[in-house]
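>>> sequence plus the predicted model coming up.
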Amino acid sequence: MKDFDSAGSIGTEGDSGSNEESVNDLLEYATGCAMSLMRTSGKLQPTFLIAAGDGALLVLPAAMDNEDEKEHSAKIARLICVANRARAVVLVAEGWTSNRDFARPSADPKRKEVVLLTGEGHGCRKHNILIVQRSKSGKIRGFKQYGRRMCDSFEGRFANILPAQTLTPEAEAETKRLLDAIGMIPQSSVEWPDGDKSVPKSD
């Protein structure tokens, strides 16, 4: 598998870089990749980016069409993090947001298209929302920061993807056997583009 060091400078276990730096690096990389994918295809599949303990970057597409698929995707992401001694994980997904009182933001005619990024390392959480800017023809122009800058708190099914404590080698091996038995093998980062390094614009 491709090392994340070659693409975004995330270290392996034992490096001096902090967990927060690992999360920030992975969020920056995910933002650039999301920009590249949306500019080429116009859409973004929900995806987990997982920085493994050996420095590899794992890419895990997520299914989110219904509640069962969301729960299953979160469960598989947690298992893969355990099996690979993950240092950081980021979920990147496209969606809608609204400042008005609608049961679902997508029902608001004035809704805003956004890219949501949630990242965590051990003892560190980051959450960011970027507004998708499109031209009149529908082409992606860029991202714009939504509201306040990145926050460090979030809850829900996609929180606590990393294990709360370091597990034993036996637990890691058992998790790998379980994933292998159900055929869940994350893709290499080679499936993702190098990323657009454009800095999101603030309000």
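Perfect, I can see it now.

>>> what's around A164, how many residues?
8 (other Cβ atoms under 10 Å). Bear in mind the C-beta positions are built from the backbone N, C-alpha and C, glycine included.

>>> got it, and the one 5 residues further on?
Counted by other Cβ under 10 Å, the residues lying close to P169 total 8.

>>> next one: P105
16.

>>> distance of it from W96?
4 Å (Cβ to Cβ, to the nearest Å).

>>> same question, R78
For R78, the distance to W96 - Cβ to Cβ - is 26 Å.

>>> looking at these two, which one has more neighbours?
Neighbour totals were compared for R78 and W96, and R78 leads with 18 against 15 (other Cβ under 10 Å).

>>> check which helices and strands the longest helix seen in the chain sits against.
Looking across the chain with DSSP state H, the single longest helix is helix 19-41. Counting by 3 or more Cβ pairs under 8 Å, 6 or more residues apart in numbering; DSSP states H and E, the packing neighbours recorded for helix 19-41 are helix 5-8, strand 47-51, strand 88-97, strand 112-121, strand 124-134, strand 140-145.

>>> which positions in the longest one come out as buried?
Under the neighbour-count criterion of 16 or more other Cβ atoms under 10 Å, strand 124-134 has 124-132 buried.

>>> same thing with the last one?
For strand 140-145, burial by neighbour count (16+ other Cβ under 10 Å) applies to 140, 142-143, 145.
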